[in-house]
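Student: can't give you the sequence, but here's the structure:
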């Protein structure tokens, strides 16, 4: 199973303008930097 990185969601957000993708990016980037 492939895990999605924050960068992946940022790319999706840039491409589509998806708010959901942006929120996922923020969620992942926060958890990744907190570790």
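Tutor: Perfect, thanks for sending it. Every value quoted in this text rests on a predicted model; they were computed, and no experiment measured them.
Student: and the residue nearest the centre of the chain, what does it touch?
Tutor: A centroid search over the chain (CA atoms, centre = their mean) returns residue 25, at 2.2 Å, as the residue closest to the centre. Listed by CB atoms under 8 Å, 6 or more residues apart in numbering, the contact partners of residue 25 are 6, 9-10, 13. The way it works is simple: take the backbone N, C-alpha and C, and place the C-beta from them, glycine included.
Student: Tell me how many other residues surround the nearest residue in space to residue 12 that is not next to it in sequence.
Tutor: Distance criterion CB to CB, 6 or more residues apart in numbering; nearest residue to residue 12, sequence neighbours excluded, is residue 21 at 4.1 Å. When neighbours are counted by other CB atoms under 10 Å, residue 21 registers 19.
Student: How about the contacts made by residue 21?
Tutor: The neighbourhood of residue 21, defined by CB under 8 Å, 6+ apart, consists of 9-10, 12-13.
Student: at 6 Å what do you get?
Tutor: 9, 12-13 (CB atoms under 6 Å, 6 or more residues apart in numbering).
Student: Apart from its neighbours in sequence, what residue is nearest the residue nearest to the centre of the chain?
Tutor: Leaving out its chain neighbours, residue 25 is closest to residue 9 (CB to CB, 6+ apart), at 3.9 Å.
Student: What about the one you found, how many residues nearby?
Tutor: 21.
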